[in-house]
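*Asks:* Structure, please.
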Amino acid sequence: MKRILITPLNWGLGHATRCIPIINELLHQGCEVIIGTDGRALHLLKAEYPSLTILELPAYNISYRTNNMIANIAPQILKVLKVIQKEHQIIQKIVKEYQIDAIISDNRYGCYSKNVYSIFLTHQLNIKIPNQTIENGVAFFNKKLIKRFDACWIPDYEKEEESLAGILSRNNGLKNIQYIGTLTRMVYSQTKIKRDILVILSGPEPQRTYFEEKVIKQLKELPLKSLIIKGKTETHKKYRVNTNVMIQNFMTAPQLNQAILESKFIITRSGYSTIMDLAVLGTKALFIPTPGQTEQEYLAKYFNKKNIYLTQSQKELDVAKALKTVPNYLGIKTKENTILPKVIAQFLIHISKK
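*Replies:* Model prediction:
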């Protein structure tokens, strides 16, 4: 039995949720899985896997206070680098204490070890920055950090016509990369529609709260049955704002799966993990990218230009207007990922030879 350490980044809930298919497949193929993360990602995975060992890692605590990515991130770079260094030191202790056979790190740059096979999981080989000079510098630094790992897994398809991440996931010269197909915990089934709108909130503060306040105010004024999932994993509290608007702090994967299928229309961030979830379910959506988060802004525009998903900025959010326009957008329905079981099997064979 191989003991695998999975370490998703706590930046919204997307990194944690897309690790769920990997965790499930590892368990299915007879592995022991240990999870390392922090914050709401930790709470979510504890709820999903109450019997697994889950360790707390240092928090990055990235905040998005403005709509300018450079202004948001630049003052926090030193703090992030210190966390990466600290988590790397902690990982060495975990590897030794728990006799770890391999590490799969979802965007946690410090979670690798020279003593065990280490994989970096990311869909962003190319990070979008609103300044070409800075973007080139970030690309160089990103590639250098990923090279510390033995391999890089990309949760997307290699063929451009099948890709959901667009330019973000295209190979930029890195070696030892592998496209493992899109990762989602969602499963499609024919389900009766029960509500008009489902809002899924997530992402860094304070922008998550700004989004929440704005969308609640608008939904209260509309005669539509709505459910808002706040993405707060600390409690499963559920309450009603008025006759039409219900709020629930958190849902498990099966509950969220069911809620999406029961809703005519989804309002959510354009995070990549959310896109993978919606694509397998074939649901129509309005994307509100986190202000200043260029990855989400790129993905929202990417699918908007393809006439797949409608997008609005957080500042100009207008739910009533969106409801009139969304029928013109096609949505998308992707194939089931049949690659992952083979990828995991090959990975286990590889580490068994070491």
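*Asks:* hang on, residue 215 packs against residue 319?
*Replies:* Yes - the pair residue 215 and residue 319 qualifies as a contact (CB atoms under 8 Å) at a distance of 7.0 Å. All C-beta spots, glycine's among them, are computed from the backbone N, C-alpha and C.
*Asks:* Name the residues contacting each of these two.
*Replies:* When CB atoms under 8 Å, 6 or more residues apart in numbering defines a contact, the residues bordering residue 215 and residue 319 alike are residue 267.
*Asks:* Setting aside sequence neighbours, what's the nearest residue to residue 19?
*Replies:* Closest residue to residue 19 in three dimensions, ignoring its sequence neighbours and counting by CB to CB, 6 or more residues apart in numbering: residue 8, at 4.6 Å.
*Asks:* Roughly how far does the one you found sit from residue 108?
*Replies:* Going from residue 8 to residue 108 by CB to CB, to the nearest Å gives 7 Å.
*Asks:* In the stretch 251-354 of the chain, mark out all the strands, start to finish.
*Replies:* Chain-ordered strands for the stretch 251-354 of the chain, with DSSP state E, counting those that start in this stretch as the definition, fall at 263-268, 285-287, 310-311.
*Asks:* The first one pairs with which strands?
*Replies:* What it means is strand 263-268. Sheet neighbours of strand 263-268, with direction, are listed as strand 195-200 (parallel), strand 285-287 (parallel) (DSSP bridges).
*Asks:* Need these in CSV (columns: mean pLDDT).
*Replies:* Supplementary listing: those in CSV, determined by pLDDT from 0 to 100:
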stretch, mean pLDDT
strand 195-200, 97
strand 285-287, 97
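*Asks:* Nearest to residue 258, out of those?
*Replies:* Checking the strands paired with strand 263-268 against residue 258 by CB to CB gives strand 195-200 as the closest, at 10.5 Å.
*Asks:* one step back: point out the most buried one among the strands of the stretch 251-354 of the chain.
*Replies:* strand 285-287 (a mean of 27; mean count of other CB atoms under 10 Å).
*Asks:* Pull the number of nearby residues for residue 307.
*Replies:* By the other CB atoms under 10 Å criterion, the neighbourhood of residue 307 contains 11 residues.
*Asks:* Would you confirm that it contacts residue 325?
*Replies:* No - if you go by CB under 8 Å, residue 307 and residue 325 don't touch, sitting 11.1 Å apart.
*Asks:* and for the helix or strand where residue 95 lies, what are the contacting residues?
*Replies:* Assigned by DSSP states H and E, residue 95 belongs to helix 77-97. Counting by CB under 8 Å, 6+ apart, helix 77-97 makes contact with 5, 7, 34, 36, 55, 57-62, 100, 103, 108-113, 115-116, all of which sit outside it.
*Asks:* Against residue 111, how distant is the nearest residue to residue 117 once chain neighbours are set aside?
*Replies:* The spatial neighbour of residue 117 that comes closest, neighbours along the chain excluded (CB to CB, 6+ apart), is residue 102 at 4.4 Å. Using CB to CB, residue 102 is found at 11 Å from residue 111.
*Asks:* so what's in contact with the two at the same time?
*Replies:* Common neighbours of residue 102 and residue 111 are listed as 5, 118 (criterion: CB under 8 Å, 6+ apart).
*Asks:* Settle it for me: which of these two has more neighbours?
*Replies:* Applying other CB under 10 Å to residue 102 and residue 111 shows that residue 111 carries more neighbours, namely 29 against 23.
*Asks:* which ones are touching the more buried one?
*Replies:* Going by CB under 8 Å, 6+ apart, residue 111 touches 5, 7, 36, 57, 87, 88, 91, 103, 105, 118.
*Asks:* Just send these back as CSV, with pLDDT too.
*Replies:* Converted to CSV, the contacts of residue 111 look like this (pLDDT from 0 to 100):
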residue, pLDDT
5, 98
7, 98
36, 98
57, 97
87, 97
88, 97
91, 98
103, 98
105, 98
118, 98
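*Asks:* thinking again about what came up before, more crowded one of residue 8 and residue 108?
*Replies:* Remark: of residue 8 and residue 108, residue 8 carries more neighbours, 31 against 27, as counted by other CB under 10 Å.
*Asks:* Verify the contact between that one and residue 106 for me.
*Replies:* Yes - between residue 8 and residue 106 there is a contact under CB under 8 Å: 4.1 Å.
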